[in-house]
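Visitor: A structural model of the following input is requested.
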Amino acid sequence: DGRSRSIGFPWQGRLPHAVKLTEHPNVRYTDDYAPAGHFFGTTELVNVIERAASQVARRLPGARLSVGELSRAAGGDIEGHSSHENGRDADLAFYMLGGGGRPFPPMSFAGFDANGRGLEPNRALRFDDARNWELVSRLVTDPDARVQFIFVGRAIRDRVLAEGRRRSAPAAALDRAAVVMAQPAEGHPHRNHFHVRIYCPPASRPACKDRAPFHPWYPGAAAFTGRPSFTR
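Guide: Numbers count the residues shown, from 1 in each chain. Prediction:
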């Protein structure tokens, strides 16, 4: 029927009938990743990114979401990643501020410390607390694509949650964000981007495989059991 299909696991899978995330007024490709063209995902992943970016732009105009890599057009191995193979993973740059507190469109991912200051060679940049909280809250509360993980460094996680509390965000959004944001136990610490992973879309099961943890919003029965996955 032409609908995207996610097959296998994020670290060993394929992506028939992929959907391409395209640039538009609220979304741009991060310059370093544009030439490879790895901007394909499931319908659900592409839609949740577009919805979240559009909602950030409505609430806080003036910035576009900078996107890193999703998956290849047919899925499978992708250089520089141990996952991103079946259209359920996306790397998203942080919203950031440059000179004069204006939104800054990065050429590459930029890391930040616990105080929101850019790490070398990006000391002039600042972490955009308001937009990054808005992005995370929209991703984790989306009614269609159910987010399993947002891999991100602990200090950034704490900063995003503090912004949500400062803005008196709904408890449900804060609780869900606290659950899904996690620094991987090994490998890349994710201090310079969000790595978003959604659960298998129901239409892709049983060919698509999820692995624990199964959060309360998991869209189906936890049919596959095994060691929880924190693979980036």
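
Visitor: So, low pLDDT: which residues of the chain?
Guide: 1-2, 187, 221-232 (pLDDT under 70).

Visitor: for this protein, what spans make up the strands?
Guide: 7-9, 12-14, 19-20, 27-29, 40-41, 65-67, 89-93, 96-97, 126-127, 147-151, 181-182, 193-198 (DSSP state E).

Visitor: Specify the angle between the longest one and strand 147-151 in degrees.
Guide: Here strand 193-198 runs at an angle of 160 degrees relative to strand 147-151 (axes from the mean of the first three to the mean of the last three Cα atoms, to 10 degrees).

Visitor: Which neighbouring elements make contact with strand 193-198?
Guide: Packing partners of strand 193-198 (3 or more Cβ pairs under 8 Å, 6 or more residues apart in numbering; DSSP states H and E): helix 43-59, strand 89-93, helix 129-140, strand 147-151. No exception for glycine: its C-beta is placed from N, CA and C like everyone else's.

Visitor: can we see that at 10 Å?
Guide: helix 43-59, strand 89-93, helix 129-140, strand 147-151, helix 154-166 (3 or more Cβ pairs under 10 Å, 6 or more residues apart in numbering; DSSP states H and E).

Visitor: picking that back up, columns distance to Arg167 and mean neighbour count on top of the strands of the chain, output as a markdown table?
Guide: Converted to a markdown table, the strands of the chain look like this (distance: least, Cβ to Cβ, whole Å; neighbours: other Cβ atoms under 10 Å):
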| stretch | distance to Arg167 | mean neighbour count |
| --- | --- | --- |
| strand 7-9 | 36 | 18 |
| strand 12-14 | 37 | 19 |
| strand 19-20 | 32 | 16 |
| strand 27-29 | 23 | 20 |
| strand 40-41 | 29 | 26 |
| strand 65-67 | 19 | 23 |
| strand 89-93 | 20 | 25 |
| strand 96-97 | 17 | 22 |
| strand 126-127 | 15 | 21 |
| strand 147-151 | 18 | 23 |
| strand 181-182 | 16 | 20 |
| strand 193-198 | 18 | 24 |
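
Visitor: tell me the centre residue of the protein?
Guide: Val196 (2.7 Å; Cα atoms, centre = their mean).

Visitor: List the residues that contact it.
Guide: Shown in contact with Val196 (Cβ atoms under 10 Å, 6 or more residues apart in numbering): 45, 48-49, 52, 70, 88-92, 135-136, 139-140, 145, 147-152, 180.

Visitor: Please repeat the previous calculation with a cut-off of 6 Å.
Guide: With contact taken as Cβ atoms under 6 Å, 6 or more residues apart in numbering, Val196 is in contact with 90, 150.

Visitor: With Phe9 instead?
Guide: Taking Cβ under 6 Å, 6+ apart, one finds Lys209 in contact with Phe9.

Visitor: now swap in the one 4 residues further on and tell me
Guide: In this structure, Gly13 makes contact with 7, 75, 85-86, judged by Cβ under 6 Å, 6+ apart.

Visitor: OK, contacts around the residue nearest to Phe94 when sequence neighbours are not counted?
Guide: Here the nearest residue to Phe94 in space, its sequence neighbours aside, is Asn132; by Cβ to Cβ, 6 or more residues apart in numbering that works out to 5.8 Å. With contact taken as Cβ under 6 Å, 6+ apart, Asn132 is in contact with 94-95, 160.

Visitor: which one of those residues sits closest to His38?
Guide: Nearest to His38 out of the contacts of Asn132 is Phe94 (Cβ to Cβ; 19.3 Å).

Visitor: What residues are bridge-paired with the closest residue to Ala18 other than its chain neighbours?
Guide: Nearest residue to Ala18, sequence neighbours excluded (Cβ to Cβ, 6+ apart): Phe40, at 3.9 Å. Note on Phe40: beta-bridge partners by DSSP bridges are Lys20, Ser71.
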